[in-house]
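In: Fold the following for me, if possible:
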Amino acid sequence: MTWDDIVAFALTLPEVAPSTSYGEPSLKVGKKMLTRLREKDNSIVLPDVPPEEREMLSESAPDIFFWEPHYQDYAIVLARLDNAGVEDIAGLIERRWRAIAPKRAIAARRG
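Out: Sure, this is the predicted structure:
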């Protein structure tokens with residue numbers, strides 16, 4: 001999977017727009033980050049993944065999901081795009097979108 005695949009999926013969600021975060025490509029809903037690319041290792045940052053879930057993901061699919069000590073105190077997991085498929089990532093992105101999207105955007109997605 002590539003960053004372009006992530007962008008194509010995320011842009012199907014209302015109010016998602018390409019942006020930058022920490023100088024790298026990202027996707028945002030308003031001013032809130034949905035996900036961002038880490039170009040140094042071709043992975044993405046996935047917010048709103050609690051530590052318990054992050055542990056489970058990194059243990060069950062270590063070729064895809066991982067985290068670094070820098071993220072230990074944050075609800076974030078990283079995903080290696082080279083090893084991931086849309087089915088591995090889509091649910092996490094949509095869950096984050098539902099957490100940060102305006103209610104009208106969520107209603108538009110349902111309708």
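In: Buried residues, whichever helix in the chain runs longest. List them.
Out: Counting by DSSP state H, the longest helix found in the chain is helix 86-100. Applying a neighbour-count criterion of 16 or more other C-beta atoms under 10 Å, one finds 88-90, 92-94, 96-97, 100 buried in helix 86-100. For the C-beta atoms, the positions are set from N, CA and C on the backbone; glycine is no exception.
In: Let me see the residues that make contact with that helix.
Out: The set of residues external to helix 86-100 that reach it, using C-beta atoms under 8 Å, 6 or more residues apart in numbering, is 1, 5-6, 9-10, 13, 16, 29-30, 32, 34-35, 44, 46-49, 61, 64, 77, 79, 106.
In: mind running it again at 6 Å?
Out: Helix 86-100 is contacted from outside by 9-10, 13, 29, 32, 34-35, 46-48, 64, 79, using C-beta atoms under 6 Å, 6 or more residues apart in numbering.
In: Go through those residues and say which is closest to residue 73.
Out: Taking C-beta to C-beta as the measure, residue 73 lies nearest residue 47 of the contacts of helix 86-100, at 13.1 Å.
In: Now do residue 104 against residue 31, distance only.
Out: Going from residue 104 to residue 31 by C-beta to C-beta, to the nearest Å gives 17 Å.
In: Please identify which of the two sits among more neighbours.
Out: When residue 104 is set against residue 31 and neighbours are counted by other C-beta atoms under 10 Å, the residue ahead is residue 104, at 10 against 7.
In: pLDDT (mean, whole number) over the host helix or strand of the more buried one?
Out: With secondary structure defined by DSSP states H and E, residue 104 is part of helix 103-110. In this model, helix 103-110 carries a mean pLDDT of 88.
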